[in-house]
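[1] Predicted coordinates and the sequence they were generated for:
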There are 2 protein chains.
Amino acid sequence: MHSFQELAHEFIARFDTPHFPKYPASLYEPGNYFLNIGGKRIRPIMCLMGNELFGDISDDAYNVAIAIELFHNFTLVHDDIMDAAPLRRGMETVHTKYGSSVALLCGDVMMIKAYDYINKISLEHIKAVIELFNKTAAEVCEGQQLDMDFEKQEAVLFEEYLHMITLKTSVLLAASLKLGAIIGGAGEANCNSIYNFGLNLGLAFQIQDDYLDAFGDPAKFGKDVGGDIRQNKKTFLLLHALEVATPEQKTIINELMATNPADKVEKMLEIFKACNVDAWAKQLKEQYLEKAYDYLDEIAVTATRKAELTKLAAYLIQREN
Amino acid sequence: MHSFQELAHEFIARFDTPHFPKYPASLYEPGNYFLNIGGKRIRPIMCLMGNELFGDISDDAYNVAIAIELFHNFTLVHDDIMDAAPLRRGMETVHTKYGSSVALLCGDVMMIKAYDYINKISLEHIKAVIELFNKTAAEVCEGQQLDMDFEKQEAVLFEEYLHMITLKTSVLLAASLKLGAIIGGAGEANCNSIYNFGLNLGLAFQIQDDYLDAFGDPAKFGKDVGGDIRQNKKTFLLLHALEVATPEQKTIINELMATNPADKVEKMLEIFKACNVDAWAKQLKEQYLEKAYDYLDEIAVTATRKAELTKLAAYLIQREN
């Protein structure tokens, strides 16, 4: 069994090649530029790990892993247009550097290229792989649409937000693992267990991300702490706070969001703490992580084969206990 | 053998169903709206005709035909964003009616849905179908990119324009026929012949479209005659005129394009006629049509099986002789 780091090394070596032809450069150079910005390549490596859980890693798994990473980058290029995001990983986004029309087409050809890699796999698994890949791709688009809808919506229920974030971020992690498992010949029950492991791990990860953005140690977090609060972003924390706050606290939250005072982050964190949002978020993260581990336990392979996935979960989620 | 009209009737009956789920309506309703605007459905019907040339029309051919029409509509939705087009077939474009972000995602899910239909076909042909479908899809994107590049470019060579228009419009017609032929079990030589029939027919059709926009009878043409000239659109006619015009004529052309006088169309047509652009275009169209028929002749099936494709060509292209 290989560690995440070993597989990352191997995957990046295989992925680090121009995926597009040279001509027309106006279309394909932007795609190569964006893929070269890098990223942690978590999803494709999860596909490889899902595959290795059931046998040796096959070329089919590598091809699907590449397709997953291309699909993920396609969503980033298009999301950046929709969000008018100037930067991604500290580099100019495609639409900022090359214009929106080029970014739109650049994403389109990246998606088509993803299916080129899927088409390389053996006939045995191609239908099941395309079926799950397509279902997941549509769900990610649905998640992005709901996210945009919620931005314009005043009140969003916690359950609605949970559904949106599941579609937008968790299903692709879950599907990556399951696609690897399908190629590894796993049966339906094992495939469903690994999918649900990924789904719950993804939610735990997202809650942690929201938590760290508000309560993280700026030195360790790397990102600008309080960014979500400053941008009025709907997060697990804000939605929970709005559900449990007193009418007075709710008024303050809404005023802070409407007026953007200089001490907005500080004041919002005061209310979050008064509402026990921090403890609640930690507990919720633990719940999802426990659920993820329960699904991992269910998978009918020896515990030693699962060790690297357990380590991956521990690497992604910093546990408090 | 069925006529284009009979197949259109059958295809539209099968295609006229909601292709998307109900939820989230903010994402899927725009897709259903756009597909309901209609269109001549030429490409999917060419797929069915390519299929029937070699045997009875199969469900596989219908599924690929639906995928082709969804792909075509995906390109229209995205092209309309890039071209900032307010209307399509007299109806509001998706980005005008629902906003650019929705239109972007609406196109994305339409593309994914196309692969859902491809995934329904029998394993026997799935790899060859995806390979040609992907190659064509990428080429159509390349054509759109080159078209945008050329809009900003002062001088465009006739050969470059021909290449762009081949990618942007002809390859999908050619591929539609060939995809049907592949599913019909046609061999490589027959597949290539029918592809080249479609490619040349597509070019003849495009030349005719450019010709009618300039020289067509407004009563018969249906569209606004002179529209391409008014918009300074690079067409077969304009590029040829710029290649054969005298320096004085070239100066007038460039002045007309720069100053947009009220009599621009009239003056441009005078130069086109002085340069024999009209006769040249008719002859070029005939050349491509003859080439198309030559490729159709090459296909190793009885002439009676080809009769409906000959009629289709005659229906699409109004011959002068």
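    Perfect, thanks for sending it.

[2] Please count neighbours and contacts with C-alpha atoms only from this point.
    Will do.

[3] Show the contacting residues for A:Gln208.
    Counting by C-alpha atoms under 8 Å, 6 or more residues apart in numbering or on different chains, A:Gln208 touches A:Ala281, A:Lys282, A:Lys285, A:Ile317.

[4] pLDDT at A:Glu131, what is it?
    Listed pLDDT for A:Glu131 reads 98.

[5] whoops, I mixed them up, A:Lys223
    We have a pLDDT of 68 for A:Lys223.

[6] repeat for the one 5 residues further on
    Model confidence at A:Asp228, expressed as pLDDT, equals 91.

[7] The helix or strand encompassing A:Tyr117 near chain B at all?
    Using DSSP states H and E, A:Tyr117 maps to helix A:100-118. Yes. Contact of helix A:100-118 with chain B (C-alpha under 8 Å from any C-alpha of the partner chain) involves A:Ser101, A:Val102, A:Leu104, A:Leu105, A:Asp108, A:Val109, A:Ile112, A:Lys113, A:Tyr115, A:Asp116.

[8] Save those residues as CSV, and put in distance to A:His163 and neighbour count too.
    Output for these, formatted as CSV (distance: C-alpha to C-alpha, whole Å; neighbours: other C-alpha atoms under 10 Å in any protein chain shown):
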residue, distance to A:His163, neighbour count
A:Ser101, 31, 21
A:Val102, 32, 23
A:Leu104, 27, 24
A:Leu105, 29, 27
A:Asp108, 26, 26
A:Val109, 29, 25
A:Ile112, 28, 23
A:Lys113, 29, 23
A:Tyr115, 27, 24
A:Asp116, 31, 21
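
[9] from those, which single one is nearest A:Leu132?
    A:Tyr115 (12.7 Å; C-alpha to C-alpha).

[10] and the closest one, what does it touch?
    Residues near A:Tyr115 by C-alpha under 8 Å, 6+ apart: A:Ala67, B:Ile130, B:Asn134.

[11] Relative to B:Ala138, how far out is it?
    Separation of A:Tyr115 from B:Ala138 (C-alpha to C-alpha, to the nearest Å): 11 Å.

[12] same check, this time on A:Asp83
    Distance of A:Asp83 to B:Ala138, given as C-alpha to C-alpha: 25 Å.

[13] Show me which of these two is the more surrounded one.
    Ranked by neighbour count (other C-alpha atoms under 10 Å in any protein chain shown), A:Asp83 and B:Ala138 place B:Ala138 first, with 20 against 10.

[14] Can you verify my assumption that the more buried one contacts A:Ile112?
    Yes. Between B:Ala138 and A:Ile112 there is a contact under C-alpha atoms under 8 Å: 6.8 Å.

[15] distance from the centroid: which residue in chain A tops it?
    Relative to the centre of chain A, the most outlying C-alpha is that of A:Glu248, 35.2 Å out, by C-alpha atoms, centre = their mean.

[16] What are the buried residues along the helix or strand that residue falls within?
    Take DSSP H and E as the rule and A:Glu248 turns out to sit in helix A:247-259. Going by neighbour count (16 or more other C-alpha atoms under 10 Å in any protein chain shown), the buried part of helix A:247-259 is A:Gln249, A:Lys250, A:Ile252, A:Ile253, A:Leu256, A:Met257.

[17] How about stretch A:40-48?
    So stretch A:40-48, judged by 16+ other C-alpha under 10 Å, has buried residues A:Arg41, A:Ile42, A:Arg43, A:Pro44, A:Ile45, A:Met46, A:Cys47, A:Leu48.

[18] same deal with stretch A:291-309?
    A:Lys291, A:Ala292, A:Tyr293, A:Tyr295, A:Leu296, A:Asp297, A:Ile299, A:Arg305, A:Lys306, A:Glu308, A:Leu309.

[19] Please tell me how far the last one sits from chain B.
    Separation of A:Leu309 from chain B (C-alpha to the nearest C-alpha, to the nearest Å): 30 Å.

[20] Then the fifth one?
    Separation of A:Leu296 from chain B (C-alpha to the nearest C-alpha): 30 Å.

[21] Quick check: which element contains the closest residue to that residue other than its chain neighbours?
    The shortest distance from A:Leu296 to any non-neighbouring residue, by C-alpha to C-alpha, 6 or more residues apart in numbering or on different chains, is to A:Phe197 (5.8 Å). Assigned by DSSP H and E, A:Phe197 falls within helix A:188-215.

[22] Who are the packing partners of whichever strand or helix holds A:Asn32?
    Here A:Asn32 sits within helix A:25-36, counting by DSSP H and E. Secondary-structure packing of helix A:25-36 (3 or more C-alpha pairs under 8 Å, 6 or more residues apart in numbering or on different chains; DSSP states H and E): helix A:94-98, helix A:100-118, helix B:123-152.

[23] Can you check the pLDDT for A:Tyr315?
    At A:Tyr315, the pLDDT value in this model is 88.

[24] burial of it, as a residue count?
    11.

[25] Residues of the stretch 51-200 of chain A that sit close to chain B?
    Proximity of the stretch 51-200 of chain A to chain B (C-alpha under 8 Å from any C-alpha) is limited to residues A:78, A:81-82, A:101-102, A:104-105, A:108-109, A:112-113, A:115-116, A:119, A:123, A:127, A:130-131, A:134, A:137-138, A:141-142, A:145-146, A:149.

[26] go with 7 Å
    Within the stretch 51-200 of chain A, the positions lying close to chain B (C-alpha under 7 Å from any C-alpha of the partner chain) are A:82, A:101, A:105, A:109, A:112, A:116, A:119, A:127, A:130, A:134, A:138, A:141-142, A:145.

[27] Just flag the most distant two among those residues.
    Across these (C-alpha to C-alpha), the longest gap, 32.7 Å, separates A:Ser101 and A:Lys127.

[28] picking up where we left off before, of the buried residues of helix A:247-259, closest to chain B?
    Nearest to chain B among those, counting by C-alpha to the nearest C-alpha, is A:Met257 at 24.6 Å.

[29] Go ahead and confirm that closest one touches A:Gln231.
    No. Look at A:Met257 against A:Gln231 with C-alpha atoms under 7 Å: they stay out of range, at 8.5 Å.

[30] Now that we're looking at whichever residue of the stretch 151-300 of chain A sits closest to chain B, what pLDDT does it have?
    Using C-alpha to the nearest C-alpha, the single residue of the stretch 151-300 of chain A nearest to chain B is A:Met164, 10.5 Å away. Note on A:Met164: pLDDT of 97.

[31] And it, which helix or strand is it part of?
    Using DSSP H and E, the element containing A:Met164 is helix A:158-165.

[32] next helix or strand past that helix?
    Next helix or strand after helix A:158-165 toward the C-terminus (DSSP H and E): helix A:171-183.

[33] how far off helix A:158-165 does that following helix point, in degrees?
    Orientation check (axes from the mean of the first three to the mean of the last three C-alpha atoms, to 10 degrees): helix A:171-183 against helix A:158-165 gives 50 degrees.

[34] Quick one: mean pLDDT for helix A:171-183?
    The model assigns helix A:171-183 a mean pLDDT of 98.

[35] just stretch A:263-274 next, same as before
    For stretch A:263-274, the mean per-residue pLDDT is 96.

[36] Name the nearest residue to the closest residue to chain B within the stretch 101-250 of chain A, ignoring sequence neighbours.
    At 5.4 Å from chain B, A:Ser101 is the closest residue in the stretch 101-250 of chain A, using C-alpha to the nearest C-alpha. Once flanking residues are discounted, A:Ser101 sits nearest to B:Met82: 5.4 Å by C-alpha to C-alpha, 6+ apart.

[37] does that neighbour count as helix, strand or coil?
    helix (DSSP: H, G, I helix; E, B strand; the rest coil).
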